[in-house]
Structure formats: C-alpha cells, structure tokens
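*Asks:* After the sequence you'll find the predicted model.
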Amino acid sequence: MALGFGKRKYSTVQVRKRDVPNGLWEKCPGCSDIIYVKELVDNMQVCPKCDYHFMLGRQERIDMVADEGTFVEWDASLESADPLSFTGKESYVAKLEANQKKTGYKDAVTSGAAEMNGRPIGLSVMDFKFLGASMGSVVGEKITRQIERCTAEKRPCIIVCASGGARMYEGLFSLMQMAKTSAALARHAKAGLPYIPVLTHPTMAGVMASYATLGDVIVAEPGALIGFAGPRVIKETTQQDLPEGFQRAEFLEKHGLIDMVVPRGELKERLSLVLDYMMDN
C-alpha cells in the first residue's frame, strides 16, 4: 500500500509484534505494574514495588512455614460425599472432580505434622483454588482431626485460613463444621496449648465465624479481606457508606479484631517468636 502526498509516495511498513510466551509476566492488582513471574516466585508472590500479596498455593505456604522435609500429611485420603445429591447447572460430584483435577488434591485443605524452627507443630493450609476453599464436611473433619491430634500430642496448632465460607452444596452438613471445629479448639485451649490462625485473602463467612477468629493470637497477611458478609451486602443492608479500608487486615488490627498484620517474608519467624513466648516456661 502507498500513501500519496503531492508527487511523492511513502510506503507504510507493518511491524509484526513479537510473540511473547504466556506466563512470563503478571500484572499487579495493587500498583498495576508488570512483574516478571520469576521475580514474584523468588519474593514469595509479593509485589516488589507495592508489597501486594498475591494468593499463594498450599504447598508454597507449607514450604514457607515448615522446616524443609518435616511436613507429614494427615488424612490425605478423605474425600467429600454428596449427601444432598446436589444438582444445578453442574452437579456437586462434577464440581468436585473438576477441582480435584485442577488442583491435584482431594479437597480444600491439607493438614499434617511439621516442625517450625525445630519445634513440633500441627499445620493446616486452606487453598482458595479448590471451590473457593469453602468449608464442607471434609474440611471441617480434617481441621478437627488436626486440632485433636495436636491436643493429644501436645503440639501448638496453626491454621492458615482462606475461604469464601460454608459449602452450600452440603447444606446443614457444612454449617455443622463450625460447631465441631470450635468444640475441638475449646478442648485444645483447656489443655493449655496455643492455637494461632493466620488469616489470608480472603477469609470470610462461616470460617471467619468459627476457627479463624478463635486463636490465642490472630495473625493476618497485609491487605487481606476478612469479614462475615461482603462489603457490598453490608452497605446495601445498612444503607450507609463504609469506612475506607473496611474489612481489610490493617483496619481490623487498628480496631482490635486481629492482633498483628505480618508480611509474608516475616511470618515464620514471627510465629516462632509467639510460640516461644507462649510455650517456653
């Protein structure tokens, strides 16, 4: 193609965009900067520019908290049933199978024994990628068994929480997990053993209303959304504007709901320090 201006002609040159492989770059939701993925991985999925904390996979969280090679999984074979024979656009069974294939895990939480700076602990990690880390009967059962084993073995208990709430596909069976996990934590506390929940983005609804906020010391990651109902629902119900930063970790720390906001890179040492204070008498 040629463009004519008077007697002269100029050729237009089309520059072909160089193909860039997918998965090399990530846009930060906090500062909108483009980050090299390897740099994110090396920085524990924290933006080096604005400290925005990306979601982290369960194995990455286990590696971050537990000493290398010490994590031993408990109850890995537990798998959800379909007590209500739930059907909709897609059946509950189909959703479970799809999420199991996507994540490589049976359900939304991994529990086990580990050591943290040489101290024996019980550790559970919830994974938002599996059905929004919703709390069904398997999640509640695995959490409860972990707490009970920690009580029997005199271990401190740490649960890394992330959840959208109860799993609606299981109805009342899901809601019962709130009472079950809370009762196990009451017995753990009666035995004089520490429990520390670590609240990550997001921790909501039934999990928030049960074991996520029953800790001796409640820790949260920076910027995590934490609450029972979402901000939009609360605003529509109360017909009032919400304060800036409402339901974010920093706001909740300032108002006394949680005890400390800890950046990801400092989490292991801070948890160890708290357990040293609570257990080494």
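*Replies:* Ah, there it is.
*Asks:* As a check, name the ranges of all strands in the protein.
*Replies:* Counting by DSSP state E, the chain has strands at residues 2-5, 8-11, 25-27, 34-36, 72-74, 109-116, 119-126, 157-163, 195-204, 219-220, 226-227, 260-261.
*Asks:* Quick check, pLDDT for Glu57.
*Replies:* In this structure residue 57 is Gly, not Glu. Here, the pLDDT recorded for Gly57 equals 84.
*Asks:* mind listing what it touches?
*Replies:* 127, 129 (CB atoms under 8 Å, 6 or more residues apart in numbering). Any C-beta I mention is one placed from the backbone N, CA and C, and that applies to glycine too.
*Asks:* Apply 7 Å and report the result again.
*Replies:* Residues counted as contacts of Gly57 (CB atoms under 7 Å, 6 or more residues apart in numbering) are Asp127.
*Asks:* what does Pro222 give?
*Replies:* 51, 53, 249, 261, 263.
*Asks:* Report the separation between it and Glu148.
*Replies:* 32 Å (CB to CB, to the nearest Å).
*Asks:* For the stretch 101-250 of the chain, give me the ranges with low pLDDT.
*Replies:* Within the stretch 101-250 of the chain, no stretch has pLDDT under 70.
*Asks:* and Met126, how far is that from Leu193?
*Replies:* From Met126 to Leu193 the distance is 21 Å (CB to CB).
*Asks:* more neighbours, those two?
*Replies:* Between Met126 and Leu193, counted using other CB atoms under 10 Å, Met126 has the larger neighbour count: 29 against 21.
*Asks:* Now Pro29: closest residue in space that isn't a chain neighbour?
*Replies:* In space, and not counting its chain neighbours, Pro29 is closest to Tyr52: 6.3 Å by CB to CB, 6 or more residues apart in numbering.
*Asks:* typo on my end, Leu84
*Replies:* Going by CB to CB, 6+ apart, Leu84 has Gly171 as its nearest residue, at 5.5 Å.
*Asks:* Run a quick neighbour tally on the one you found.
*Replies:* So Gly171, with other CB under 10 Å, has 14 neighbours.
*Asks:* now do Val262
*Replies:* The number of residues packed near Val262 is 19, by other CB under 10 Å.
*Asks:* Just to check, the residue nearest to Leu84 is in contact with Phe86?
*Replies:* No. Checked against CB atoms under 7 Å, the pair Gly171 and Phe86 is beyond contact range at 8.2 Å.
*Asks:* residues making contact with the longest helix anywhere in the chain?
*Replies:* Secondary structure assigned by DSSP state H gives helix 172-190 as the longest helix of the chain. Contacts to helix 172-190, defined as CB under 7 Å, 6+ apart, come from residues 83, 135-137, 139-140, 143-144, 147-148, 150-151, 157, 166-167, 195, 206, 209-211, 214.
*Asks:* Please point out which parts of it sit buried.
*Replies:* Under the neighbour-count criterion of 16 or more other CB atoms under 10 Å, helix 172-190 has 173-175, 177-178, 180-181, 184-185, 188-189 buried.
*Asks:* quick check, distance from that helix to the centre of its chain.
*Replies:* Remark: helix 172-190 is offset 20 Å from the chain centroid, using CA atoms, centre = their mean, to the nearest Å.
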